Structures are given as C-alpha cells and as structure tokens.
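1. what would the 3D arrangement of this be:
(chains A and B)
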Amino acid sequence: MSLVKRVGLALAAPVLAFVVAGIVASLVLSITGDDVGGFWDVMFTWPAHRNIVSILNTTALLYLSGVAAAIGFRMNLFNIGVEGQYKIAGFAAAAFAGEAWLPGKLNTVAAIIVAMVVGALWAGIAGVLRVTRGVSEVISTIMLNAIAGSVITYIIFKIGVNNGNATNTKAMPEGTRVGTINLFKDSPTELYGLSLLAVVVGVGFWVLLNRTRFGFDLRAAGASESAAIASGVNVKKMIVIAMLLSGAVAGLVGLPTMFSDSFAYGSSFQTGLGFTGIAVALLGRNNPIGIAFGALIFAFLSEQATLLNILAGISPDIVSVTQGVIVLAVVIAYEVVRRYRVRLEQSEVAAQLADQSRATPQTEGVAS
Amino acid sequence: MRRFSKIAAVVVVGAMALSGCGSSSGGGDGKSSASNDVCKTAKGDGPKVGVAYDVGGRGDQSFNDSAYRGLTQATKDLNATCIEAKATTSDNDTTRAERLRTLAEGGYNPVIAIGYLYSPAAAKVAAEMPDTNFAVVDGYSTTLPKTPLKNLNDLVFAANEGSYLVGVAAALKTKAKHVGFVGGVPGAVIGPFEAGYEAGVKSVDPSIKIDVTYLTQDQTDAQTAYENPAGGKDAASAMYEKGADVVFHAAGKSGLGVFQAAAAAGEGKWAIGVDSDQYLTAPKDQQPHILTSALKRVDTAVYDEIKTFADKSLKPGFTNYNLKSDGVGYATSGGFVDDIKSKIEAAADKIKSGEIVVPSDPKKVK
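-> Take a look at the predicted model:
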C-alpha cells in the first residue's frame, strides 16, 4: 500500500465519525426546532482566550480520567469506577491538605501522594475481589462508586466546615495551593498548575506500555489471557496491579481544579469526569496520543455547551448527544475502515499472486 | 476486535442506562415550558436580565420555575427582557463562572444565579466585572471576597419557617400519627426544611412518628438528589406502605415522584409540595392529594432584585426573605387546609412575633 493510501485510511475513520456526528446533531436540532445555523456559527467561531484556557484545563482533567480508564481497558478490565475513585481520592487529598500537618509545598506533594494511594486502594478492592472471589469488576466498581459518595458524606459532616450553604473540607493553607499559568494577558481564567500532571501521566503511560516488560505483559494479558498464562504471565497479579495503577491515575483527576481554584472538597466538586473518561479512552482507542485528542474534542464541546446555550439558545443536552454520537460513530467508523482495509489488502495480495503466476507459468505447469 | 466490540457494548449499555435516567427526569412539561418561553418574546426597554438556572432547570415545577415566575412578572411590569442559561450536572466552578461571564458580557445586567452552587463563581466574576450586578438565590457569595463588593448580593430564605407551618398542617391532618419527609441531600440547604417540618409536627403532637429519607447522601450528586422523580416516588411509596399518611418533600424535581406516589397510594394519603404552590401545576389525578406547599418565594426575590435594580435602590449583601416579610409561607390552593387554617395562622403569628424560634438544624429539633 502506498503511503498516501495508508495515511488516508488512518484519517478516514475519525473524519467519517465527525461527519456522521455533525449530520446527526444537525438532524436532532432541526427536529427539536432549534437554530441549526446558530449551532454551527458558535461551533466554528474560534474560542476567546479565556475559553481556550478553560478548554485546556478540562482537557487535562479528561485526559487523566481517560488514561485511568485506558490502563484497565488495555488489560481487558472495565474499570467503571474511575468516577468513585477520583471523588474519594480528591476528598482524601483535600481533607489531608486542609489539616496542614506539613508545611507549604511538602503538604502539596504529600496530598498528591495521598490522592494516588487512596484512588489505588479504592480501585484495588475491585481488583482483589475479582482475583479472589471472581466478582466482575464492572459490578464491583459501580457499587464502589455509590459507596464512595456515602463514605465521603459521612466523614465530611464530621470534619467539614460550613461555608454558607455548602459543607466543605477545611480550605488548604495558602502555601499549599498551586499557582496558575497565565497563557493570555487578557484572560481571567488561567491554566491550573497541576494540569501539567496530564503531560507527566501521558508520557509515563506511553513508556509503561511500550518500553517495559510490565507493559508487554499487560498488553499480552489483555489480548489473550490464556496465551499470557501459557507464556508465564501471572495474570492474577497483573489484574491487581492494573487496577491499582488505574486507581492511582484516577486519584489525580480532581486535583488540578482543587489545588488552583476551589482549595477544598465540597458540593461544588466537579462530578461526571470519570464516566466521560471512559468515552474519551474509547475515542482515543486507549492510545496515549489518541486519548489526548479525544479529551481535547470533549473539552471543546463541553466549553461550547455554555456558549451555545446563551448565544444560540440551544440546550446543553444537545452537546451531550453530540458527544455520545461521536463515540458511537468512531467505533463504527473504525470497524468499517478496518474491513475496507482488509479487503483492500486481500485484493492487493490476490493481484500480486495473479501477477506472479502470470510471470512464471512454466514452473507452475511443471509442478502440476 | 472482539475485545473492542465488548467495550463498545458496555458503553452502549451505559449510554442507554444514562439516557434512560435522563428521560425519566426530563419528562414533565419540558416541551410546553420551552414553547411559552417569555424570554423569546419579551421586547421591552427595561433591564436586560440574565438568569442562570440550577440543576433541575425549568420545568421542575418548584425551585427554578418559581424563579421563572418572578422573571415573567418583571417582563410584564418592568418591561424587562431576559435570557436564560441552563446548568448541567457536570458543572464545576469554572464552567459556572464562564456561564455568568458570558451572560454579563452579552450586556445582561443584573445577572441572577439560581442556587447556592453559584456562590464561588459569582464572587469571582463580580470582582472581574464591577459594572454588572450579580445576585445568587440561596447564596453565600458575599461572604467570599476579602473586601465587600458593591455589585454582589445574596437572596436568602428562612425555609425553616415555611416548613414549620406545613409541619403543623401535616400533624393536624395525619390520622395514623405517622408522617414522612423526603429530602434531596442532607446539608445546609435541605436541613432547614427538615428541621422546620419536624419542629412544626412536634409542636402539635410530640408522639407523631416522622420518617426521614434522603435520596442521596452524596452532596456532589445533584442528579440523584434533585432530578430524580423515580427515586422520589420509591422513597414516598415506602413511607405510605409503612403507614405514613402525609409526606413533605424538599427535593426539587424529584418531588414530582412523591406526588405520583401519593396519588397511587389512594384516598387519605397526602403529599406536601415545596417552593412553588405545587397544587397549581400538578396533574388532575394528583391534585386531591396535595395538602399544601411550603412556599419559598424565589419569584418575589427575583422580581425584587430586578425592580430594585431598575429604580437604582439595589443594596449589596444579604437580603433576607422570611415569614415576616412574606418571603416564605404556605399555600392554600385546593382548600384542604381551610378547616385548620386558624391554627396554622396562630403558629405563623408566633413565629413573626419571635415567640417561636424555628430551628434550622435537624439535630437541634427537640
């Protein structure tokens, strides 16, 4: 296959998916009697500086969440529990940082470690249940999501402080907070310092997958458990480690906003990132770079939802519809393109064989 | 590839489950309320008002719809024009701030945010945009900036006082000596409803049994708390089955399920609405079961905010709405409380005079 053809095929799937998603969104809008022109107007307007910053911040959060889900997916584990893991980890980190047992930035680092450990342990429960009792991690992580919410509430009413109508953890001291990076002078929003964690995690995920024995075992066990066992991989151990890693990364999801903006865990803590992360991982095909694109697209759409609502009078639910359609369309488009490629390869091979047989008819004749 | 299709299957199932939740809560009169949207037709030269709704949004027949009524009133009396923005359950302080900022940038002034969750966002944006007035219903935004801002105010309600009165009504109407309370999520917002209600019930007869259920314990889970009629119905049905005959809800749109449960439980089972006079918006089959509603006059607060802005008498800081100022109260539609009205009024007078101090923390109800 020529290079042009190969690049074309690689791009075909995402392009196809977005075209389909665009058509479906337009159809939904025209059915609900909304302003289709306004929708595309807002979508194609280059975002203002402050919106670009918000998009980047959201991208970082979704990227972390996407990687957390992808670590499990690579191992064939469906960690639906990123939602609960990042909530309880964020809560633990906020509670720890709020107590200010350690000075300044040491407190920050310790809080980040607390978040990773708590996230890992919460996910680890599901991992251990899976290998010892055979409980499906899908069920146990969903249950643990609900339990996380209740546990947090129970503790927060014991140790939290009332701030107006909200019950929050104690605000972390000034020295523990992480600064923001001012990308544009005229923008009131700034990039959260800990958003850079996404870059670190992304590089780490890539190295882990492609440059370590563990990453090889992980991919092998994910591709075929029986083959992995036959080649000496301890699959049970891999399951627990994969869940722990997934949970540790999930633990980071809530931190950028908390350390640079809200400074405490409370009712304004952002939820839903864990579930969106699953879609982002799927969109990025569990690949470190792909997930980054997936996260960027979802962040862009979420940011536009607010503008669409106010500028074009379109419900933010339409954006959720579009996000869902994109995920479905990507799955289908990749399958369509894959089948097309297989057929293309087959016909090329067949053509080559035909050429060969035409070029050497004598030998064939002798052989038969 | 089998692995991939398995993932796809999980996601599709998940998406269906989620959209299922969405449609059950998004039902109601969402469509009709959108079509008679006053902001699309209002053309006045009065204030340009921006409103950012809370989770649940228009069509909850309770909290947000009450704000909408105030807005509608302002378009009629004050020639106001308006624009509305909707919240999503995955908002954070940054997205909320962006919503307020976009409204202010579009030239809308005042900008009114419905729900205390907007408090940090409003405090932040008000500092950035000193020429726009911001108000937060149920808010605590004015406590957040280090120096008080001139363009920020909070509209707060003594929800416990209205709840006390419906508690008195519940206690006088219960035959089983057994009543219930369904709340969205425990905490400083819904707690006063529970506390006031319990205090009101006990003021009539301390032996009455009160069942309390919260739809979720997780204060970040607004969806389960306030957009969950199915959960509200389950909780109330369980109470009626256990013998309670009056159930009061403070759970936004989830409360619509409480009314369904009361209608399903049949004759002699009552439900009590919240925020708006919910008798007026309930379907015919549920109306005979809606005893009264604990009014929280968000409509008055929104209207006053716009009016004081228009005549330039707007004051920054907290504005309190209580029984004395007619900011909270109880509804009489349907006429089911007519026979006990004198007793409720007597309790109201005692609250107004300060003889009764209604607790706002459920733990402090004697």
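2. gap between B:Lys343 and chain A?
-> Using Cβ to the nearest Cβ, to the nearest Å, B:Lys343 is found at 31 Å from chain A. No exception for glycine: its C-beta is placed from N, CA and C like everyone else's.
3. which SS class is that residue?
-> Recorded secondary structure, B:Lys343: helix (DSSP: H, G, I helix; E, B strand; the rest coil).
4. wait, isn't it in contact with B:Leu172?
-> Yes. Counting by Cβ atoms under 8 Å, B:Leu172 is a contact partner of B:Lys343 at 6.2 Å.
5. so A:Leu121 touches A:Gly247, yeah?
-> Yes. If you go by Cβ under 8 Å, A:Leu121 and A:Gly247 touch, sitting 7.1 Å apart.
6. who's more crowded, the two?
-> A:Gly247 (34 against 18; other Cβ atoms under 10 Å in any protein chain shown).
7. would you verify that the more buried one is located in a helix?
-> Yes. If the criterion is three-state DSSP, then A:Gly247 is within a helix.
8. torsion angles phi and psi at the residue lying closest to it once chain neighbours are set aside?
-> Closest residue in space to A:Gly247, ignoring its immediate chain neighbours: A:Ala123 at 2.6 Å, by Cβ to Cβ, 6 or more residues apart in numbering or on different chains. Main-chain torsions, A:Ala123, degrees, to the nearest 10: phi -70, psi -30.
9. do the lengthiest helix in chain A and chain B meet?
-> Secondary structure assigned by DSSP state H gives helix A:316-359 as the longest helix of chain A. Yes. Counting by Cβ under 8 Å from any Cβ of the partner chain, chain B has neighbours in helix A:316-359: A:316-317, A:320, A:324, A:327-328, A:331, A:334-335, A:338.
10. just the buried ones from those residues?
-> Neighbour-count burial (16 or more other Cβ atoms under 10 Å in any protein chain shown) is assigned, among the residues of helix A:316-359 next to chain B, to A:316-317, A:320, A:324, A:327-328, A:331, A:334.
11. picking that back up, any chance of the residues of helix A:316-359 next to chain B in TSV with pLDDT as columns?
-> Shown next, in TSV, are the residues of helix A:316-359 next to chain B (pLDDT from 0 to 100):
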residue	pLDDT
A:Pro316	84
A:Asp317	82
A:Ser320	84
A:Gly324	87
A:Val327	84
A:Leu328	87
A:Val331	82
A:Tyr334	83
A:Glu335	85
A:Arg338	85
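12. and A:Phe18, what does it touch?
-> A:326, A:329 (Cβ atoms under 8 Å, 6 or more residues apart in numbering or on different chains).
13. give me the local confidence score for it.
-> pLDDT for A:Phe18: 84.
14. in what helix or strand does it lie?
-> Per DSSP states H and E, A:Phe18 falls inside helix A:3-31.
15. run the angle between that helix and helix A:316-359 for me.
-> Note on geometry: by axes from the mean of the first three to the mean of the last three Cα atoms, to 10 degrees, helix A:3-31 and helix A:316-359 are set 150 degrees apart in direction.
16. quickly list the domain ranges of chain A.
-> As recorded under automatic domain parsing, the domains making up chain A are A:1-34+A:316-359, A:49-314.
17. any idea which of these gets closest to B:His249?
-> domain A:49-314 (18.6 Å; Cβ to Cβ).
18. for the closest one, measure first residue to last.
-> End-to-end span of domain A:49-314 (Cα to Cα, to the nearest Å): 22 Å.
19. centre of the chain to it, how far?
-> Remark: domain A:49-314 is offset 9 Å from the chain centroid, using Cα atoms, centre = their mean, to the nearest Å.
20. same question for stretch B:75-89.
-> The answer for stretch B:75-89 is 17 Å, by Cα atoms, centre = their mean.
21. again with stretch A:332-350
-> With Cα atoms, centre = their mean as the basis, stretch A:332-350 stands 28 Å off its chain's centre.
22. quick check: buried residues in it?
-> Buried residues in stretch A:332-350, counted by 16+ other Cβ under 10 Å: A:333-334, A:337, A:341.
23. what residues sit buried inside the helix or strand containing A:Ser150?
-> Secondary structure from DSSP H and E places A:Ser150 in helix A:137-159. By 16+ other Cβ under 10 Å, the buried positions in helix A:137-159 come out as A:137-138, A:140-149, A:151-153, A:156.
24. need the next SSE after it, C-terminal direction.
-> strand A:161-163.
25. elements contacting the helix or strand harbouring B:Ala97?
-> B:Ala97 belongs to helix B:93-105 when assigned by DSSP H and E. Secondary-structure packing of helix B:93-105 (3 or more Cβ pairs under 8 Å, 6 or more residues apart in numbering or on different chains; DSSP states H and E): helix A:49-74, helix A:288-307, strand B:48-52, strand B:81-85, strand B:111-114, helix B:119-128.
26. what does that helix rub up against?
-> Here helix B:93-105 makes contact (Cβ under 8 Å, 6+ apart) with A:50-51, A:54, A:57, A:188-189, A:257, A:261-262, A:268, A:302-303, A:306-307, A:309-311, B:50, B:52, B:83, B:85, B:87-88, B:91, B:111, B:113, B:117-118, B:120-122, B:124-125, B:128-129, B:132, B:134.
27. for it, buried residues please.
-> By neighbour count on 16+ other Cβ under 10 Å, the buried set for helix B:93-105 is B:93-104.
28. and for B:Thr41, the neighbour number?
-> The local packing of B:Thr41 (other Cβ under 10 Å) involves 9 other residues.
29. that should have said A:Gly72, apologies.
-> By the measure other Cβ under 10 Å, the count of residues near A:Gly72 is 31.
30. name the SS class of the closest residue in space to it that isn't next to it in sequence, please.
-> Among residues not flanking A:Gly72 along the chain, A:Asn79 sits closest, at 3.6 Å (Cβ to Cβ, 6+ apart). Taken by three-state DSSP, the conformation at A:Asn79 corresponds to coil.
31. and whichever residue of the stretch 201-350 of chain B sits closest to chain A, what is it in contact with?
-> Nearest residue of the stretch 201-350 of chain B to chain A, counting by Cβ to the nearest Cβ: B:Asp218, 2.9 Å away. When contacts are counted by Cβ under 8 Å, 6+ apart, B:Asp218 is found next to A:148-150, A:152-153, B:185, B:224.
32. so it is in which element?
-> Going by DSSP H and E, B:Asp218 is not in any helix or strand.
33. which pLDDT value goes with it?
-> B:Asp218 is assigned 83 on the pLDDT scale.
34. residues near the residue in chain B positioned nearest to chain A, how many?
-> Here the residue of chain B nearest chain A is B:Tyr140; by Cβ to the nearest Cβ that distance is 2.0 Å. Look at B:Tyr140: counted by other Cβ under 10 Å, it has 21 neighbours.
35. so how far is A:Leu77 from it?
-> According to Cβ to Cβ, to the nearest Å, B:Tyr140 and A:Leu77 sit 42 Å apart.
36. pick out the residue closest to the middle of the chain.
-> Defaulting to chain A. A:Gly66 (1.3 Å; Cα atoms, centre = their mean).
37. could you do chain B instead?
-> B:Phe63 (3.0 Å).
38. was I right about that one contacting B:Gly57?
-> No. Judged on Cβ under 8 Å, B:Phe63 makes no contact with B:Gly57 at a distance of 9.7 Å.
39. kindly report the residues of the stretch 101-250 of chain A close to chain B.
-> A:138, A:148-150, A:152-154, A:156-157, A:162-167, A:188-189, A:222-223.
40. try it again at 6 Å.
-> Counting by Cβ under 6 Å from any Cβ of the partner chain, the stretch 101-250 of chain A comes close to chain B at A:149-150, A:153, A:162, A:164-165, A:167, A:188.
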